[in-house]
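Asker: after the sequence you'll find the predicted model.
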Amino acid sequence: NAGVTQTPKFRVLKTGQSMTLLCAQDMNHEYMYWYRQDPGMGLRLIHYSVGEGTTAKGEVPDGYNVSRLKKQNFLLGLESAAPSQTSVYFCASSYQGRGNTIYFGEGSWLTVV
Amino acid sequence: QQQVKQSPQSLIVQKGGIPIINCAYENTAFDYFPWYQQFPGKGPALLIAIRPDVSEKKEGRFTISFNKSAKQFSLHIMDSQPGDSATYFCAARAGSARQLTFGSGTQLTVLP
């Protein structure tokens, strides 16, 4: 069972380049999330989705866009990468409802030079 | 603005010790409080969770204590082992997508 799968795992970008991180979950979860993790700051929510075709902004959405065209996939895009976007990105998913566990992927390490 | 404050930032204990990690929150809309454990190079994984109508929850060597009036909760690890060395995050859940707000993390080292 794959759970939450993120690709790519590592990427180095030059400032101004664009890229897309792909998240796929095989648990038929309604909710999906993108977080970034930076030292000393925990995980901060970038964008999230409550279902296919819907997305919403989280705590730190600037510089990112997302799309959820299929229930199992949640894409995170960087249109013009900046060094401040160097981080580890985690995708997560969960069922609807109170108390349901949020499952995380293994992370994508992104460096912008 | 940090909605969930976690301390300490790092913690070193001897094997068998009882590390305690504390978290405090402000938002009374939070209604579910999980703790996640993260090993280097891996994603966070749910360790244990509690609802605010319960004051304590124990699963194996891990215990959450919850004080609703003080808006504080803590993680205790009994008989800690070197394999418990990891980063621990407290979190609180609310919102339309039941999204998590995380604390800043505690790096725990258990010495053999």
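Answerer: Good, I have the coordinates.
Asker: from chain B, how far off is the residue nearest to the spatial centre of chain A?
Answerer: Computing the C-alpha centroid of chain A and ranking residues by CA atoms, centre = their mean puts residue A:34 first, at 2.8 Å. According to CB to the nearest CB, to the nearest Å, residue A:34 and chain B sit 11 Å apart. Bear in mind the C-beta positions are built from the backbone N, C-alpha and C, glycine included.
Asker: which residues does that residue form a beta bridge with?
Answerer: Beta-bridge partners of residue A:34, counted by DSSP bridges, are residue A:47, residue A:91.
Asker: just confirm it contacts residue A:76, I think it does.
Answerer: Yes - the pair residue A:34 and residue A:76 passes the contact test of CB atoms under 8 Å, sitting 4.8 Å apart.
Asker: which neighbours do those two share?
Answerer: A:21, A:23, A:46-47, A:64, A:66, A:89, A:91 (CB atoms under 8 Å, 6 or more residues apart in numbering or on different chains).
Asker: please produce CSV containing those residues, extended by distance to residue B:102 and neighbour count.
Answerer: What follows is the shared contacts of residue A:34 and residue A:76, written out as CSV (distance: CB to CB, whole Å; neighbours: other CB atoms under 10 Å in any protein chain shown):
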residue, distance to residue B:102, neighbour count
A:21, 19, 21
A:23, 18, 25
A:46, 13, 24
A:47, 16, 23
A:64, 18, 19
A:66, 19, 23
A:89, 14, 23
A:91, 15, 29
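Asker: turn these into JSON lines, including pLDDT.
Answerer: JSON lines is the format used below for the shared contacts of residue A:34 and residue A:76 (pLDDT from 0 to 100):
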{"residue": "A:21", "pLDDT": "98"}
{"residue": "A:23", "pLDDT": "98"}
{"residue": "A:46", "pLDDT": "97"}
{"residue": "A:47", "pLDDT": "97"}
{"residue": "A:64", "pLDDT": "97"}
{"residue": "A:66", "pLDDT": "97"}
{"residue": "A:89", "pLDDT": "98"}
{"residue": "A:91", "pLDDT": "98"}
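Asker: pick the one among those closest to chain B.
Answerer: Chain B lies nearest to residue A:91 out of these, by CB to the nearest CB, at 8.6 Å.
Asker: got a list of what that closest one touches?
Answerer: Counted by CB under 8 Å, 6+ apart, residue A:91 has contacts A:4, A:6, A:21, A:23, A:25, A:32-35, A:74, A:76, A:104-105, A:108.
Asker: equivalent analysis for residue A:101, please.
Answerer: The contact partners of residue A:101, by CB under 8 Å, 6+ apart, come to A:94, B:34, B:46, B:49.
Asker: can you rerun that using 6 Å?
Answerer: Neighbour list for residue A:101: residue B:46 [criterion: CB atoms under 6 Å, 6 or more residues apart in numbering or on different chains].
Asker: are we agreed that residue A:71 is in a helix?
Answerer: No - residue state for residue A:71 (DSSP: H, G, I helix; E, B strand; the rest coil) corresponds to coil; a helix is not indicated.
Asker: leaving out the residues flanking it, which one is nearest to it?
Answerer: residue A:52 (4.5 Å; CB to CB, 6 or more residues apart in numbering or on different chains).
Asker: I figured residue B:43 hits residue A:103, correct?
Answerer: No - look at residue B:43 against residue A:103 with CB atoms under 6 Å: they stay out of range, at 8.4 Å.
Asker: checking residue A:50 next. Helix, strand or coil?
Answerer: Strictly by three-state DSSP, residue A:50 counts as strand.
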